[in-house]
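> Following is a predicted model, sequence given first.
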Amino acid sequence: MTDTASLRSALSSQVVGRQREVELVLAALAADRHVLLEGPPGTGKSTLLRAVAQGLGIGFEFVEGNAELTPARLVGHFDPARVLSDGYDPSVFVDGPLVTAMRDGSLLYVEEINRIPEETLNVLITVMSEGELNVPRLGRVAAVNGFRLVAAMNPFDAVGTARISGAVYDRVCRVSMSYQSAEDEEAIVRRNTEGSDLTDAWLSKAVKVVRLTRSHTDLRVGSSVRGAVDFAKVAVSLAALRESEVTQPSVGLDAALVALSGRVRVREGGVRTSEEIVTEIWQDVFGRVDGEGDAGEGKAGAPTGATTSR
């Protein structure tokens, strides 16, 4: 395995502000342990794992966790057309991502593991416990050295999720990932808007708007740093389209509404819309502007560009 100390240094340029989490994941994988990354969306779980897999020089099989992930989709299946002519021969079996990772000694990354059906989860528990899998008509599939399960879950989104059993937690090393610091999130947005003329001051305010959505009393779920990236990119494009500047209130607020209003979730029983709340936060950070072009006065409606006639 690649020296973990040198790999840690190399990954620092790919994963912003996650040195501790990188160290924990590297240590767990070096100890041949399975890993569970737990944290809200947009905290870099997939980015971290892809970078680690690339750095280690091992394969990376990605599986999206959802209610449709059956054992057959995870493990694999016999090709029905070829079974008719060749029978249940091993060459007829189409490997699923789990068997592929086991045969290749790769990382199997299961996103949103708490969304998959219990019967599929039981398959993973068996593999983690025994290091092998018995497939009907195919036989025993043993995991090659290097195979590890790395799963991720979002503890804040209860829609469509189930509580993870103690049997899973007992077989994994858990790494908790929270939101990064404001400085790290600004660095992420800057990296994703490289080449633009956005000032550090404007970027700092944009990130502050996004971070305030996570603590607003009327919001159940705030935006991840992806919202800040979209906010900045849309602002640049919208300013160019309107032959204006990102510092113009109509540009900045409309970009914030487009990027954030669909990402946040209003608390049950709330009387205000997500657009109104995003407008309030934007005004608190960027300032209230009176006069024409101030889309923030009163109730937020459609983005100003949608109603301005040419």
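It's in. Numbers count the residues shown, from 1 in each chain.

> check which helix or strand covers the most far-flung residue of the chain relative to its centre.
Distance from the centre of the chain peaks at residue 85, with 43.2 Å (Cα atoms, centre = their mean). Assigned by DSSP states H and E, residue 85 belongs to helix 80-86.

> Now do that helix, average pLDDT.
Mean pLDDT, helix 80-86: 89.

> what's the answer for stretch 217-224, then?
The model assigns stretch 217-224 a mean pLDDT of 93.

> Poorly predicted segments of this protein, please.
1-5, 12-13, 156-162, 289-310 (pLDDT under 70).

> Go through the helix ranked longest in it and flag the buried ones.
Longest helix in the chain, counting residues (DSSP state H): helix 225-241. Neighbour counts using 16 or more other Cβ atoms under 10 Å place 225-236, 238-239 of helix 225-241 among the buried residues. The C-beta positions use only the backbone N, C-alpha and C, and glycine is treated the same way.

> and for the helix holding residue 85, what are the contacting residues?
The contact list for helix 80-86, computed with Cβ atoms under 8 Å, 6 or more residues apart in numbering, reads residue 92.

> Just the buried positions in it, please.
Going through helix 80-86 with 16+ other Cβ under 10 Å, nothing comes out buried.

> Partner strands of the helix or strand just after that helix and their direction?
Once helix 80-86 ends, the next helix or strand along the chain (criterion: DSSP H and E) is strand 93-95. Strand partners for strand 93-95, identified by DSSP bridges, are recorded as strand 76-78 (antiparallel).

> now what about the strand it pairs with, what contacts it?
Contacts of strand 76-78 (Cβ under 8 Å, 6+ apart): 88, 92-96, 98-99, 135, 137-138.

> And it, how far out from the chain middle?
Strand 76-78 sits 29 Å away from the centroid of its parent chain (Cα atoms, centre = their mean, to the nearest Å).

> and what of stretch 140-150?
25 Å.

> Can I get it in CSV? Just the C-alpha atoms.
Extracted C-alpha coordinates of stretch 140-150, given in CSV (Å, rounded to 0.1, in the frame of the first residue of the first chain):
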residue,chain,number,x,y,z
ARG,A,140,-18.6,-18.9,-3.5
VAL,A,141,-17.1,-15.5,-4.3
ALA,A,142,-14.2,-14.6,-2.1
ALA,A,143,-13.1,-11.0,-1.5
VAL,A,144,-9.5,-10.2,-2.8
ASN,A,145,-7.2,-8.4,-0.5
GLY,A,146,-7.9,-4.7,-0.7
PHE,A,147,-11.7,-5.0,-0.8
ARG,A,148,-13.4,-2.7,1.6
LEU,A,149,-16.9,-1.3,2.0
VAL,A,150,-17.1,2.4,2.4
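
> which outside residues touch that stretch?
Identification of contacts with stretch 140-150 by Cβ under 8 Å, 6+ apart yields 25, 29, 32-37, 49, 58, 99, 101-110, 124, 127-128, 131-135, 172.

> quick one: buried residues of it?
Buried residues in stretch 140-150 (16+ other Cβ under 10 Å): 141, 143, 146-150.

> And the helices in the stretch 101-250 of the chain?
With DSSP state H, counting those that start in this stretch, the ranges of helices along the stretch 101-250 of the chain come out as 118-130, 166-169, 182-192, 200-213, 225-241, 249-260.

> Quick one: the ones you listed as a markdown table, columns for distance to residue 277 too.
Putting the helices of the stretch 101-250 of the chain into a markdown table (distance: least, Cβ to Cβ, whole Å) gives the following:
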| stretch | distance to residue 277 |
| --- | --- |
| helix 118-130 | 37 |
| helix 166-169 | 36 |
| helix 182-192 | 20 |
| helix 200-213 | 8 |
| helix 225-241 | 13 |
| helix 249-260 | 9 |
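
> Let me know which of these is tucked in deepest.
helix 249-260 (a mean of 24; mean count of other Cβ atoms under 10 Å).

> Quick check: next helix or strand after that one?
Next along from helix 249-260, by DSSP H and E: strand 265-266.

> right, and the helix or strand after that next one?
helix 274-286.

> Go through that next one and flag the buried ones.
274-283, 285-286.

> and it, what does it pack onto?
helix 200-213, helix 249-260, strand 265-266 (3 or more Cβ pairs under 8 Å, 6 or more residues apart in numbering; DSSP states H and E).

> Now the terminal residues of stretch 29-40, how far apart.
22 Å (Cα to Cα, to the nearest Å).
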